[in-house]
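In: I need the structure of the sequence given here:
(one chain, ligands or ions: 1)
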Amino acid sequence: MTLAFSKVAIIGAGAMGRGIAQIAAQAGSQVWLYDTQAEAIQKARDAVFQQWDKLQEKGRLSAEAVAGHKSRLLGATSLQDLAECELVVEAIVEKLDIKKSLFTELEKVLAPTAVLVTNTSSLSVTAIAAALQRPAQFAGYHFFNPVPLMKVVEVIAGLKTDPAVCQRLSDFARQMGHTPVQAQDTPGFIVNHAGRGYGTEALRIVSEGVADFATIDRILRDQVGFKLGPFELFDLTALDVSHHVIESIYHQYYEEPRYRPNVITAQRLAGGVVGKKVGEGFYKYVDGAAQVPAEPPVPVVESIPPVWVSPRAARRMELLQLLKDLGAKIETGASPSPEALTLVAPLGFDITTVAVVERLDPARTVGIDMLFEDSSTKRRVLATNPATRADMRDAAHALFARDGKAVSVIRDSGGFVTQRVVATIVNIASDICQQRICSPQDLETAVTLGLAYPMGPLAMGNRLGPDSLLEVLFNLQTVYGDPRYRPSPWLRRRGAIGLSLMHTED
Ligand code: NAI
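Out: Residues are numbered from 1 along each chain as shown. Next comes the predicted model:
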């Protein structure tokens with residue numbers, strides 16, 4: 001197949017530019033690297049050459065292939081050197097005015113048929129294109145760091161971009177071994193927009209004192225299968241990057257409550273406690289290893305009282321079977337006996353509200369999160385209410401830890417940790433589809449490849465049932481009175497009539 005672009009220029013030889021140069025040369029294109037700092041070009045070429053040498057040592061590339069790649073990666077000393085290029089990828093400093101003036105200069109040098117693209121992650125593609133003579137030939141081409149390993153690229157159409165340009169860029173992405181996804185020019189595009197739910201909701205949970213950050217990380221890793229908890233992720237990305245992304249998307253969406261930033265990251269950023277790279281973020285790092293506070297031990301209890309389960313508990317039959325397997329004495333009366341441990345399993349509601357509404361004794365009432373099937377998780381999460389007696393809390397903890405599964409006990413909160421975070425992620429993903437920023441399929445691809453979630457948010461929503469997630473969101477809205485939990489129409493309509501979240505109307 002002929003290459004979509006055989007002569008390619010990359011402007012900016014930093015972390016991103018060198019990665020893009022590497023995969024373009026590997027695809028077979030002739031690549032010119034340009035940077036205002038001449039030494040940056042040399043450093044970038046050396047770094048890429050080293051990568052190829054390593055791949056050759058490991059037997060993943062032949063000597064011939066490496067020689068070919070090296071011969072195709074050249075340095076340029078001025079923009080004039082790039083006159084013949086069919087594609088120019090900009091990966092310079094993230095400043096609108098500097099990017100605009102670079103593209104204005106490039107238009108003067110290049111052929112009218114040349115395609116110009118920006119790797120911006122936070123600026124508007126349309127705003128950069130506004131200065132250009134040929135905005136139809138201009139698009140966003142958003143790669144992720146490190147480029148050779150993060151195999152997805154967002155192809156972003158500005159207001160005036162020719163769809164044929166996006167198609168050609170998608171073809172070229174595939175030729176470079178990447179998966180293209182098509183996005184409309186909106187704040188955060190797909191990946192950085194879809195990623196808002198995870199950390200932002202986790203921060204809110206910490207700020208309410210429901211659980212500490214290490215507990216929240218454990219819960220989300222063990223119940224949902226995220227590779228990194230939200231606070232481990234913040235430490236890796238560093239708050240001097242992520243806090244600005246959170247604020248930028250929030251303001252670009254005119255203070256949409258779903259994306260509201262949190263004072264916790266603002267304060268930590270101000271204090272310089274930004275993450276692993278400075279030795280301290282949410283965790284302290286010693287020799288690069290996070291110092292994780294120990295988990296509270298399973299309490300030792302003399303006996304476990306009989307257990308009564310609310311008739312309104314989520315996954316009630318599954319919960320009863322689990323209690324049987326754990327050897328609990330289960331009460332079957334219409335109401336709990338005076339000594340019973342009373343279990344509730346709400347979706348979205350807090351334990352206090354459920355105890356009041358169901359007329360249960362709050363002192364003996366403990367909640368368990370049953371959003372996911374118990375068999376699919378590595379941890380159970382219990383929640384107390386302000387009146388729960390310590391002996392009842394400890395009995396529940398000991399009972400649910402009997403088979404060796406990890407148990408976390410958190411304070412009362414609408415929707416537990418997992419329900420809040422998962423419902424928020426699925427809701428934001430649904431809203432991305434509602435806004436037609438991208439197709440449901442591209443959303444799933446972008447999130448699984450760009451954020452390494454265990455599955456796409458829409459697939460997760462389908463697995464748990466859109467109706468369950470809607471129940472969580474409606475009840476969270478009641479508990480908190482906060483519009484951030486209002487369900488996206490995309491989720492509401494599909495949930496109401498039992499359709500897949502991947503279903504498009506037209
Ligand atoms: P970097 O700071 O590592 O490299 C930028 C390079 O551009 C430097 O070598 C600098 O000398 C050069 N440069 C600055 N102004 C220039 C100009 N007017 N003409 C030519 N060269 C110029 O930056 P990085 O991280 O590679 O980011 C580049 C772009 O990619 C930014 O727009 C950033 O937002 C975007 N991006 C960054 C990601 C990341 O994780 N680092 C991820 C996705 C996008």
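In: tell me the contacts of Ser62?
Out: With contacts defined as CB atoms under 8 Å, 6 or more residues apart in numbering, Ser62 is in contact with Gln56. Where C-beta positions appear, they are placed from N, C-alpha and C, glycine not excepted.
In: Tell me how far it lies from Ala47.
Out: Distance, Ser62 to Ala47, by CB to CB, to the nearest Å: 21 Å.
In: just Leu236 next, same as before
Out: Relative to Ala47, and taking CB to CB, Leu236 is found at 21 Å.
In: and the strand or helix carrying Gln419, what does it pack onto?
Out: Assigned by DSSP states H and E, Gln419 belongs to helix 416-434. For helix 416-434, the packing partners by 3 or more CB pairs under 8 Å, 6 or more residues apart in numbering; DSSP states H and E come out as helix 191-194, helix 196-207, helix 213-224, strand 379-383, helix 440-450, helix 457-464, helix 466-480, helix 489-496.
In: Output it as PDB - backbone C-alpha positions only.
Out: Taking Å, rounded to 0.1, in the frame of the first residue of the first chain, the C-alpha atoms of helix 416-434 are listed here in PDB:
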ATOM      1  CA  PHE A 416     -19.900   3.900  48.000                       C
ATOM      2  CA  VAL A 417     -16.600   4.500  46.200                       C
ATOM      3  CA  THR A 418     -17.000   2.200  43.200                       C
ATOM      4  CA  GLN A 419     -20.600   3.200  42.500                       C
ATOM      5  CA  ARG A 420     -19.700   6.900  42.500                       C
ATOM      6  CA  VAL A 421     -16.600   6.600  40.400                       C
ATOM      7  CA  VAL A 422     -18.000   4.100  37.800                       C
ATOM      8  CA  ALA A 423     -21.300   5.900  37.400                       C
ATOM      9  CA  THR A 424     -19.400   9.100  36.900                       C
ATOM     10  CA  ILE A 425     -17.100   7.600  34.300                       C
ATOM     11  CA  VAL A 426     -20.000   6.000  32.400                       C
ATOM     12  CA  ASN A 427     -22.100   9.200  32.600                       C
ATOM     13  CA  ILE A 428     -19.300  11.400  31.200                       C
ATOM     14  CA  ALA A 429     -18.600   8.800  28.400                       C
ATOM     15  CA  SER A 430     -22.300   8.800  27.600                       C
ATOM     16  CA  ASP A 431     -22.300  12.600  27.400                       C
ATOM     17  CA  ILE A 432     -19.300  12.500  25.000                       C
ATOM     18  CA  CYS A 433     -21.500  10.300  22.700                       C
ATOM     19  CA  GLN A 434     -24.500  12.600  23.300                       C
END
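In: which secondary structure element contains the residue in the stretch 151-300 of the chain that the ligand sits nearest to?
Out: The minimum distance from the stretch 151-300 of the chain to the ligand, using CB to the nearest ligand atom, falls at Val241 (7.6 Å). Under the criterion of DSSP H and E, Val241 resides in helix 239-252.
In: which residues touch that helix?
Out: Residues outside helix 239-252 that contact it (CB under 8 Å, 6+ apart) are 121-122, 187-188, 192-193, 196, 199-200, 234, 256, 259-262, 265-266, 268-269, 273-275, 281.
In: One more: stretch 70-78?
Out: 9, 21-22, 25, 28-34, 38, 41-42, 45, 48-49, 52, 82.
In: In ChimeraX, how would I select the buried members of those?
Out: In ChimeraX, a selection of the buried entries from the contacts of stretch 70-78 looks like this (16 or more other CB atoms under 10 Å):
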select :9,21,22,25,29,30,31,32,33,34,41,45,48,52,82
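In: Next, give phi and psi for Ser376.
Out: Dihedral angles phi and psi of Ser376 (degrees, to the nearest 10) take the values phi -90, psi 0.
In: typo on my end, it should be Lys284
Out: Main-chain dihedrals, Lys284, degrees, to the nearest 10: phi -90, psi 150.
In: In contact with it, which residues?
Out: Going by CB under 8 Å, 6+ apart, Lys284 touches 290-291.
In: Please parse this protein into its domains.
Out: According to automatic domain parsing, the chain is divided into the following domains: 7-185, 193-291, 307-410.
In: Save these as TSV, and put in mean pLDDT and distance to Phe416 too.
Out: Formatted as TSV, the domains of the chain follow (pLDDT from 0 to 100; distance: least, CB to CB, whole Å):
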stretch	mean pLDDT	distance to Phe416
domain 7-185	97	31
domain 193-291	97	8
domain 307-410	98	4
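In: Looking at those domains, which is nearest to Arg436?
Out: Closest of the domains of the chain to Arg436 is domain 7-185, at 6.8 Å (criterion: CB to CB).
In: The closest one vs the ligand: in contact?
Out: Yes. Using CB under 6 Å from any ligand atom, we find that domain 7-185 touches the ligand at 11-17, 35-37, 40, 91-94, 98, 102, 119-121, 143-145.
In: ok, for Leu61, nearest residue in space, not its chain neighbours?
Out: Leu55 (4.3 Å; CB to CB, 6 or more residues apart in numbering).
In: That neighbour belongs to a helix, doesn't it?
Out: Yes. Assessed by DSSP: H, G, I helix; E, B strand; the rest coil, Leu55 belongs to a helix.
In: hmm, back to that, turn the helices and strands packed on helix 416-434 into TSV, columns for mean neighbour count and distance to Phe138.
Out: Putting the helices and strands packed on helix 416-434 into TSV (neighbours: other CB atoms under 10 Å; distance: least, CB to CB, whole Å) gives the following:
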stretch	mean neighbour count	distance to Phe138
helix 191-194	24	20
helix 196-207	22	27
helix 213-224	22	39
strand 379-383	24	48
helix 440-450	22	21
helix 457-464	22	30
helix 466-480	22	38
helix 489-496	19	30
